[in-house]
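*Asks:* show me how the following folds:
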Amino acid sequence: MKPKNHLQEESHESDSAPKQGVEDTLTLSEKVQDIPFQTPEIDTGHFCSGKDVPKGKKRKLGQGGNKSLREAAHNGKILRKSPRPNYFVGIRVSDCEIHRAIVRIQEAIIASDPNLYQTLIDVASSHITVLVMYIDSDIGLSIASSALDTCWDRLKEDTEKGPIQMTFSGIGSFSDRVVYARLREDEHYLRLLRLAKEVRQIFSSANVCLPDEKPMHPHLTIAKMSKVHQKAGGFPRKINPAAYQLFKNIHLGCQSVSGLQLLSMTKPKDKERYYYCANEIIFEESCKERGDHSHCCFPRRPLGYV
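*Replies:* The predicted structure follows:
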């Protein structure tokens, strides 16, 4: 299947594959900890790189210049913040069984505290993030789109062996501020890591992805505190694990990786409330079957979520 390009004109989140021969006693996660990868949570916080260390006189935060180039102190050095990301490469999670499981978990969270409905991720936009980037022009978008097309040539040999099956099982959290569905660490998980690393290298070579050397931790976000920008007095500081304790070991379902998408964080979402897609490459058309979403996405669930 050839890449499918949705790019439209506008007017105006070298290393090889993981080394073989690692001792069998290591877990899959330990085997791949040396793989640099953008955290799959779309976190529009700070992205800094050592190569961005500015020369000359130190400026105070927020004073003058482009806000995207504000400076921050780190280990005695002054680093510039990279721009806030506005595009990302993602893998859509559209399986209705997974969506329904997420809705059940979200309903348990807001049952524990109704205010937490503000932290819930719209299940219709479920995805795994491969990497994030900042694009400020049609030329930049064209470069990113071409980089995605290049991924097809580099990945098709592996994808022709059969689709990567992502199995979501169990619930985890990051410091009780992000609740997510875990991915089972099997052979398909390793294939996903290799795919993501390859994509990262291609976009890095094209100079369109933001720098991030965090270890890869693919996950499916269910709720996150950062969605709430202004917290009123008495608003919970964290999501209590007791809220979803009954679902701690739940099996949510499996999702085939049908392809990769170049998605916008800022453009209006489509009629299915999924991200605006500027370009996509499809590995296997049959994997895009989404099933009956009347009990999860349409009408919008959980009830009371706005």
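
*Asks:* could you report the neighbour count for Ala243?
*Replies:* 20 (other Cβ atoms under 10 Å). Where C-beta positions appear, they are placed from N, C-alpha and C, glycine not excepted.

*Asks:* go on, Lys238?
*Replies:* 11.

*Asks:* do the same with Tyr117
*Replies:* Using other Cβ under 10 Å: Tyr117 sits among 18 other residues.

*Asks:* now do the strands in the chain.
*Replies:* 4-5, 71-74, 77-80, 87-92, 127-133, 165-174, 178-183, 220-224, 251-256, 259-264, 277-282 (DSSP state E).

*Asks:* with distance to Lys214 and mean neighbour count added, can I get those in a markdown table?
*Replies:* Formatted as a markdown table, these follow (distance: least, Cβ to Cβ, whole Å; neighbours: other Cβ atoms under 10 Å):
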| stretch | distance to Lys214 | mean neighbour count |
| --- | --- | --- |
| strand 4-5 | 30 | 15 |
| strand 71-74 | 15 | 14 |
| strand 77-80 | 16 | 16 |
| strand 87-92 | 15 | 25 |
| strand 127-133 | 11 | 25 |
| strand 165-174 | 12 | 18 |
| strand 178-183 | 14 | 23 |
| strand 220-224 | 15 | 24 |
| strand 251-256 | 23 | 20 |
| strand 259-264 | 20 | 23 |
| strand 277-282 | 25 | 20 |
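
*Asks:* could the ones you listed be laid out in TSV, adding distance to Arg191 and mean pLDDT?
*Replies:* Formatted as TSV, the strands of the chain follow (distance: least, Cβ to Cβ, whole Å; pLDDT from 0 to 100):
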stretch	distance to Arg191	mean pLDDT
strand 4-5	22	56
strand 71-74	35	44
strand 77-80	35	50
strand 87-92	12	96
strand 127-133	13	94
strand 165-174	9	96
strand 178-183	12	96
strand 220-224	17	95
strand 251-256	12	95
strand 259-264	14	97
strand 277-282	16	96
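
*Asks:* mind putting those strands in TSV, distance to Tyr244 included?
*Replies:* Shown next, in TSV, are the strands of the chain (distance: least, Cβ to Cβ, whole Å):
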stretch	distance to Tyr244
strand 4-5	37
strand 71-74	34
strand 77-80	37
strand 87-92	24
strand 127-133	20
strand 165-174	6
strand 178-183	6
strand 220-224	8
strand 251-256	12
strand 259-264	27
strand 277-282	31
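
*Asks:* alright, calling it a day.
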